[in-house]
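Enquirer: everything below, folded, please.
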Amino acid sequence: MAITNKKILIIDDDEFLLDMYVVKFKESGFDVEACRGGEDAILKIKSGLSPGVILLDIVMPGIDGFEVLRLIKKDGLSPDALVIILTNLGQKEDVEKGMRLGANDYIVKAHFTPSEVVKRVLELMENKK
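Expert: Below is the predicted model:
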């Protein structure tokens with residue numbers, strides 16, 4: 001069965017990384033929406049954006065990724081979306097916190113190339129069905 005919702009919301013305050021992931025996901029056939037912060041992402045979702053995947057950085061000014069995740073889950077925003085944390089925070093406590101808050105996966109940026117991240121997202125989407 002084909003993956004149906006290839007709309008992805010990428011939330012990262014690092015413009016260089018954001019652009020790089022946007023290009024990689026577009027090359028893989030995704031409909032990409034990008035946000036440079038948590039506030040912007042929450043507003044887009046509340047105004048009707050319905051991504052199949054949310055790729056979420058943790059360390060951002062304003063609302064951090066943990067808070068974005070908490071708000072998404074608490075308010076039932078994008079209930080069908082896979083939420084994947086993509087961050088440089090690799091401490092066990094951070095991973096556990098992310099998973100406890102409801103993330104579907106936790107990827108440490110330094111351990112994966114952008115192409116590997118796309119592959120991992122596609123695998124998670126396949127396994128979700």
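
Enquirer: at the geometric centre of the chain, which residue do we find?
Expert: Leu55 (1.1 Å; C-alpha atoms, centre = their mean).

Enquirer: for Val68, see how far away that residue is.
Expert: 11 Å (C-beta to C-beta, to the nearest Å). No exception for glycine: its C-beta is placed from N, CA and C like everyone else's.

Enquirer: average pLDDT for stretch 32-40?
Expert: Mean pLDDT, stretch 32-40: 96.

Enquirer: quick one: contacts of it?
Expert: Contacting residues not belonging to stretch 32-40 are listed as 7-13, 15, 18, 21-22, 25-26, 41, 44, 49, 51, 60-65, 67-68 [C-beta atoms under 8 Å, 6 or more residues apart in numbering].

Enquirer: could you check how far the residue nearest to Ala41 when sequence neighbours are not counted is from Val121?
Expert: Spatial nearest neighbour of Ala41, excluding adjacent residues (C-beta to C-beta, 6 or more residues apart in numbering): Cys35 at 4.1 Å. With distances taken as C-beta to C-beta, Cys35 is found 17 Å from Val121.

Enquirer: thinking again about what came up before, for the one helix or strand the residue nearest to the centre of the chain maps to, name the packing helices and strands.
Expert: According to DSSP states H and E, Leu55 maps onto strand 53-56. Where contact means 3 or more C-beta pairs under 8 Å, 6 or more residues apart in numbering; DSSP states H and E, strand 53-56 is packed against strand 7-11, helix 65-74, strand 82-87, helix 114-128.

Enquirer: using CSV, list the CA coordinates for the second one.
Expert: I take that to be helix 65-74. As requested, the backbone C-alpha atoms of helix 65-74 are provided in CSV (Å, rounded to 0.1, in the frame of the first residue of the first chain):
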residue,chain,number,x,y,z
GLY,A,65,10.7,21.4,20.6
PHE,A,66,9.6,19.6,23.8
GLU,A,67,7.0,22.3,24.3
VAL,A,68,5.8,22.1,20.7
LEU,A,69,5.4,18.4,21.1
ARG,A,70,3.5,18.8,24.4
LEU,A,71,1.2,21.3,22.8
ILE,A,72,0.6,19.1,19.7
LYS,A,73,-0.3,16.1,21.9
LYS,A,74,-2.3,18.1,24.6
